[in-house]
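how does the following fold in three dimensions:
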Amino acid sequence: MWCVRHRLVALAMLSCMAIGFGHAHAETSANMSKPQDGVARAAFDALDKHCARCHQAGPSLKRQKPAKNFGNVLKLTEIARDPDLILPGNPDGSSLFIQIAKKDMPYDCYQEFDCKADPTEADVKAIYDWIRSLGDTVGAACGNRKPIGEAVVVRAIAKDIKAQEMRRRPGMRYVTLTHFYNACASGEDMTRYRQGVVKLLNSLSRNPTPLTMRTIDPHATIIAFNLADLNWTTEDWARLAGLYPYGMAPSVPAYRDVVAATGAELPWLRGDWLAFIASRPPLYYDLLKLPTTFAELERQEGVDVKANIEAYLARRAGFQKSGVSKQNRLIERHAIPTGYFWTSYDFKGDAPAQSLFVHPLGPFGDGAFRHDGGETIFSLPNGFQAYYLNTAEGERLGKGPTEIVLDDSQRDRAVTNAISCFGCHNQGIRQATDDIRAHVLRDRSFPEGVRKTVDALYAPQDEMKALLTQDAEKFRTAMLAAGLDPELDSQTQGVESINFLSKAYEKSVDLRIAAAEYGIEAEALAQGLADAGGEAVRIKRRLEQGVLPRQILEAEFPDLVAKVSGNAPIRLAALTPTAVELIQDENEVFFDDFDLALTSDKSTYRVNDVAVFSVTSSKGCHLTLINVEAGGDGTVIFPNQFQQDNFLPANTEAQFPGDDAPFQYRLKDPGTETLIAICNATGVEADGIEHDFKTRQFTPVGNYREFLTRRIVVEGTPKVAAQGQPARPAKTQHEAPATPKDDDASEDLARTAIKLVVR
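From the prediction side, this is the model:
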């Protein structure tokens, strides 16, 4: 069973049916503190009207959980500090507004065609104006907090190891959240991150005793545990450490002491990276030692599903619909030594052989239903839950088929074991209501033998409710025994804590966040990158002028460690592939695969300076550059009369103006200008702009804010050619071939923007 909903067609799953979303203390827009400032208030109202139903945790949420694990869209102060969403003063470069400009959002309006009203021009302008009004005033609200360097982390670890009994010292390991503290994470977020670490470790443990949280530093950023606490081996840890791209060794005696005591060159890992990598295959399966077939899983967990069904020891519930599915489904409980073993039978369609209302018995014997896959949820020795996905034939799966079901909470929308299931089961097992038992028992057209078997296997509602309640309480008790707050996973931003921690890793980073990860000040990182030269300078510009995708920082981190921080990189023998590559080996993609990078040779210019821009795209596409002056008027500066072929090959840096360009780009007036880059991988035009290079060297678009908001809100009518077909620009010699587009839309269109200060 795959545990999330597709936007249009869904496969019913135990995990999504069985869990409800906790709203006991969630805020609503009605009782939420609204901004007093008029500009911010208008943006709040627009976001409340069009975005909160998918992205604000609370009773008004229309989905099972916040889409993309983004559940605080109405907390304007919070999202304004998140560079993955908002670049203050730069709406055209802010991901939140880019999704609107690309008509990716509101998703139910533009993709599902199922919303009450599309955004109006006033709504779009309100969001645009609010982001622009932020200027450079939004920063991290942590005062003069000094970053904690790696040497401080290692000294704390060395001190803790020394305090342990000699026999436990080799197994001591640590998970760090120090970089979040350095980046000025709020106290609430730090609590969520700590809970995510401890919950994840317990979810990967075969030890019957829950691991409790123990931090070792004054700011509670380093969590300690022992391999024996999880029944892990040194090889399990080595598997993780060998993939870790962020290893740094400070030149302090404490580091040598730590290595000598543990026998590990790297006995600490970052919590967000760990949540990202260990909650997905293959590491999730490896660390829990889960077998490759369902039959082997049965033997491992001490259950015989077929024998239990034949002996009427299994307890079942079937139903036509859950909150996330259009297909019927069956859930089935078996007792195991550690507690419960729930498995499901799930169906792609509604053919008679796939209907529990026609074929309530199976999956064995004559007249049995024919299912397409299943999920198993079983209790670990410590009371936490483990998850297993498989085909109908019993072969283990890393994720559910994307043609059937998608997980809107994950960045790649893949239903992935176990990160998707952690998110669905934030409160453990929840209640379900059976539809099959009463249907079969009152329908005398079913043979007596079928009715008797249904009576024996399908539990009466009171019994099923008691079983589900009992199993939910087992999970809750385990959470409490580990010192965790079960309610926390459903209150703050409406996102389960492991998902919350993993989501933090997936976000793009700016200079401040990147510096925090090296344990240094932002100014020190900028200077170190400048001194390093080469690719480091390009990274510096992207971090200063916008954001850098996580996968790029991950790849470059080891090479830059010594140059920017003074620490030595820890390169273990198994360091490749990287975390991202490892996941991609499982045919999964976790990060945006259309990266458009735009940088200028400076961030601040003087009047009459000549500016040069660099652009790189991960896809071959047609590039449009628009300059917006301080007064708001926009001009397309590329393509132009001199350079009409605007195709940009993939992964090839292009400069504008190029060395052979017959013109220069000179900044004439003081103020803040914006340069916008749009790259279209399936066509030539951007934003419907039409050029007439016979009469104009450059194409004006007028007031860009007005132009853009009109384009977003008003659907233009295609011009009709003489033959009665919509007109389309003639292909250039470099035009990218058209490719079918996913219904997620805009996968082949990228936008970004940078601000230029002219003094």
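
what about the residue of the chain positioned farthest from its centre, distance to E535?
Distance from the C-alpha centroid of the chain, by CA atoms, centre = their mean, peaks at E448 (50.6 Å). Applying CB to CB, to the nearest Å, the value for E448 to E535 is 76 Å. (C-beta placed from N, C-alpha, C; glycine too.)

H219 now?
Distance from H219 to E535, by CB to CB: 33 Å.

then N640?
Applying CB to CB, the value for N640 to E535 is 29 Å.

report the beta-bridge partners for R173.
F225 (DSSP bridges).

okay, now it: neighbour count?
Residues within reach of R173, counting by other CB atoms under 10 Å, total 25.

and if you look at I131?
I131 has 25 neighbours, counted by other CB under 10 Å.

spatially nearest residue to it, not counting backbone neighbours?
P91 (3.8 Å; CB to CB, 6 or more residues apart in numbering).

ok, which stretches of the stretch 201-350 of the chain are strands?
For the stretch 201-350 of the chain, the strands defined by DSSP state E, counting those that start in this stretch cover 222-226, 248-249, 268-270, 315-319, 329-336, 339-346.

kindly apply the preceding question to the stretch 551-700 of the chain instead.
For the stretch 551-700 of the chain, the strands defined by DSSP E, counting those that start in this stretch occupy 568-569, 596-600, 604-605, 613-617, 621-628, 633-638, 647-648, 654-656, 671-680, 699-703.

as JSON lines, the ones you listed with mean pLDDT would be great.
Formatted as JSON lines, the strands of the stretch 551-700 of the chain follow (pLDDT from 0 to 100):
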{"stretch": "strand 568-569", "mean pLDDT": "94"}
{"stretch": "strand 596-600", "mean pLDDT": "94"}
{"stretch": "strand 604-605", "mean pLDDT": "90"}
{"stretch": "strand 613-617", "mean pLDDT": "95"}
{"stretch": "strand 621-628", "mean pLDDT": "95"}
{"stretch": "strand 633-638", "mean pLDDT": "94"}
{"stretch": "strand 647-648", "mean pLDDT": "94"}
{"stretch": "strand 654-656", "mean pLDDT": "91"}
{"stretch": "strand 671-680", "mean pLDDT": "93"}
{"stretch": "strand 699-703", "mean pLDDT": "94"}
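
using the three-state scheme, assign I754.
strand (DSSP: H, G, I helix; E, B strand; the rest coil).

meant to ask about Y128, not that
Applying three-state DSSP: Y128 is helix.

now do it: how many residues are near it, please.
22.

now do the same contact list for it.
91, 97, 705, 708-709 (CB atoms under 8 Å, 6 or more residues apart in numbering).

G428: which of these is nearest?
Closest approach to G428 among the contacts of Y128 (CB to CB): F97, at 37.8 Å.

doesn't the closest one lie inside a helix?
Yes. Assessed by three-state DSSP, F97 belongs to a helix.

nearest residue to it in space, please, no chain neighbours.
Using CB to CB, 6+ apart and skipping residues adjacent in sequence, the residue nearest F97 is P91, 4.5 Å away.

thought that neighbour was touching I100?
No. Using CB atoms under 8 Å, P91 makes no contact with I100, being 9.3 Å away.

joint contacts of the two?
Joint contacts of P91 and I100 (CB under 8 Å, 6+ apart) are I127.

got a list of contacts for the helix ranked longest in the chain?
Scanning the chain for the longest helix, with DSSP state H as the assignment, gives helix 461-481. Under the criterion CB under 8 Å, 6+ apart, residues 18, 199, 202, 210, 212, 315, 317, 333, 339-340, 342, 379, 382-385, 425, 427-434, 459, 485-486 lie in contact with helix 461-481.

make a ChimeraX selection of the buried ones in those.
Entered in ChimeraX, the line below selects the buried ones among these, by 16 or more other CB atoms under 10 Å:
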select :18,199,202,210,315,317,333,339,340,342,379,382,383,384,385,425,427,428,429,430,432,434,459,486
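
hang on, the earlier thing: tell me which residues touch the residue nearest to I131, please.
Counting by CB under 8 Å, 6+ apart, P91 has contacts 97, 127-128, 131-132.

mind redoing it with 7 Å?
P91 is in contact with 97, 128, 131-132, counting by CB atoms under 7 Å, 6 or more residues apart in numbering.

now stretch 205-222, how far from the chain's geometric center?
25 Å (CA atoms, centre = their mean, to the nearest Å).

actually stretch 180-193, sorry about that
18 Å.

name the SS class of I513, please.
helix.

look at the residue nearest to it when sequence neighbours are not counted and say how many residues are nearby.
For I513, ignoring the flanking residues on the chain, the nearest one in space by CB to CB, 6+ apart is A183 at 5.0 Å. Using other CB under 10 Å, A183 has 23 neighbouring residues.

thought A183 was touching A515?
No. Counting by CB atoms under 7 Å, A183 does not reach A515; the two are 8.3 Å apart.

quick one: the helices in the stretch 201-350 of the chain?
227-230, 234-241, 253-262, 271-278, 283-288, 294-301, 305-310 (DSSP state H, counting those that start in this stretch).

looking at the ones you listed, which is buried most?
helix 271-278 (a mean of 25; mean count of other CB atoms under 10 Å).

list the contacts of G428.
Contacts of G428 (CB under 7 Å, 6+ apart): 385, 472, 475-476.

could you do Y193 as well?
Y193 neighbours (CB under 7 Å, 6+ apart): 177, 180, 271, 501.

give me the buried subset of the residues you listed.
Neighbour-count burial (16+ other CB under 10 Å) applied to the contacts of Y193 gives 177, 180, 271, 501.

any idea how far the second one is from W273?
Looking back up the chat, that one is F180. From F180 to W273 the distance is 12 Å (CB to CB).

verify the stated contact: V612 with Q655.
Yes. If you go by CB under 7 Å, V612 and Q655 touch, sitting 5.8 Å apart.

give me the more crowded residue out of the two.
V612 (16 against 12).

report pLDDT for the more buried one.
pLDDT for V612: 93.

contacting residues for it?
When contacts are counted by CB under 7 Å, 6+ apart, V612 touches 601, 655.

when you give positions from now on, start the count at 35
Done: numbering now begins at 35, and the last item shifts to V646.
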